[in-house]
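# What follows is a predicted structure for the sequence shown.
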Amino acid sequence: GDSVTQMEGPVTLSEEAFLTINCTYTATGYPSLFWYVQYPGEGLQLLLKATKADDKGSNKGFEATYRKETTSFHLEKGSVQVSDSAVYFCAPHSGGSNYKLTFGKGTLLTVNP
Amino acid sequence: DTGVSQDPRHKITKRGQNVTFRCDPISEHNRLYWYRQTLGQGPEFLTYFQNEAQLEKSRLLSDRFSAERPKGSFSTLEIQRTEQGDSAMYLCASSYGTTGELFFGEGSRLTVL
């Protein structure tokens, strides 16, 4: 089945710093790749996605590029804000009609002013 | 669109008691998922429904766990004879179409004393 290895947290940055959260995956075929975010006290929500190799997903200043050759989908943001403090989850989906996602352990990001 | 709602948000029970959680998905969504999340971990898949049919169950779902979606709308997750190891956040998500995006509720937190 699908599996994900995410960068261990927690990650603590100062406001306006550059962020990278690494994610590598194991999946059959050509999976779609997702980043979900969980803000304190809220449910998980989709941050961005990419559905084929070399696609770049982007949202709220975050970006991730689907790298099939390295089976990676690293999350980046050029200048983080305090409001980006949250837990970030990488998740591949190998296909099939169930659309089930397999989540990584999550990376806690804390941004200090 | 009122989002996915879960009830109760928090349940405290004594070991050996039965508990039931309810999930109301987004109304037009035909797929519904239950996940479990423990502290510091990502969501782990428990079970999946398409309409009223339960099509997939994880090995994590022991025989003390049962889930239903009787009319293809809301779903219930019952845990019988709770154990301390059942303490976790139980997440419900729903989806439709081919985007692959899951829409999550805020979760039901179970504490077993």
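Here it is on my side, so go on.

# And the closest residue to residue B:12 other than its chain neighbours, how far from chain A?
Using CB to CB, 6 or more residues apart in numbering or on different chains and skipping the chain neighbours, the partner closest in space to residue B:12 is residue B:111 (4.6 Å). (Each C-beta comes from the backbone N, C-alpha and C, glycine too.) Using CB to the nearest CB, to the nearest Å, one gets 17 Å for the distance from residue B:111 to chain A.

# Low-confidence bits of chain B, can you list those?
Chain B contains residues with pLDDT under 70 at B:1.

# Near chain A, which residues of it? Just list them.
Contact residues (CB under 8 Å from any CB of the partner chain) of chain B with chain A: B:4, B:31, B:33, B:35, B:40-45, B:48, B:50, B:55-56, B:91, B:93, B:95, B:100-102, B:104-107.

# List only those of the residues you listed flagged as buried.
The neighbour count (16 or more other CB atoms under 10 Å in any protein chain shown) marks B:4, B:31, B:33, B:35, B:42-45, B:48, B:50, B:56, B:91, B:93, B:95, B:100-102, B:104-107 as buried among the residues of chain B next to chain A.

# which residues sit in contact with the nearest residue to residue B:70 once chain neighbours are set aside?
Nearest residue to residue B:70 in three dimensions, chain neighbours excluded: residue B:52, at 6.3 Å (CB to CB, 6+ apart). Contacts here follow CB atoms under 8 Å, 6 or more residues apart in numbering or on different chains; on that basis residue B:52 touches B:69, B:70, B:71, B:72.

# follow-up on the earlier one: remind me what the one helix or strand the residue nearest to residue B:12 maps to packs against, helices and strands.
Element membership for residue B:111, per DSSP states H and E: strand B:108-112. Applying 3 or more CB pairs under 8 Å, 6 or more residues apart in numbering or on different chains; DSSP states H and E, one finds that strand B:108-112 contacts strand B:10-13, strand B:19-24, strand B:88-95.

# buried set for that strand?
Result for strand B:108-112 [16+ other CB under 10 Å]: buried residues B:108, B:109, B:110, B:112.

# returning to that earlier point: minimum distance to residue A:58: which of the helices and strands packed on strand B:108-112 has it?
With CB to CB as the measure, strand B:88-95 is the member of the helices and strands packed on strand B:108-112 nearest residue A:58 (21.6 Å).

# and the closest one, how far from the chain's centre?
Here strand B:88-95 is found 5 Å from its chain centre; the criterion is CA atoms, centre = their mean, to the nearest Å.

# mind saving the C-alpha coords of it as PDB?
The C-alpha coordinates for strand B:88-95 follow below in PDB (Å, rounded to 0.1, in the frame of the first residue of the first chain):
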ATOM      1  CA  ALA B  88      -7.900   9.200  20.300                       C
ATOM      2  CA  MET B  89      -9.500  11.700  18.000                       C
ATOM      3  CA  TYR B  90     -12.000  10.100  15.600                       C
ATOM      4  CA  LEU B  91     -12.200  11.900  12.300                       C
ATOM      5  CA  CYS B  92     -14.900  11.800   9.700                       C
ATOM      6  CA  ALA B  93     -14.400  12.900   6.100                       C
ATOM      7  CA  SER B  94     -16.500  12.900   3.000                       C
ATOM      8  CA  SER B  95     -15.900  13.300  -0.700                       C
END
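
# Before I go, just wanted to say thanks for your time.
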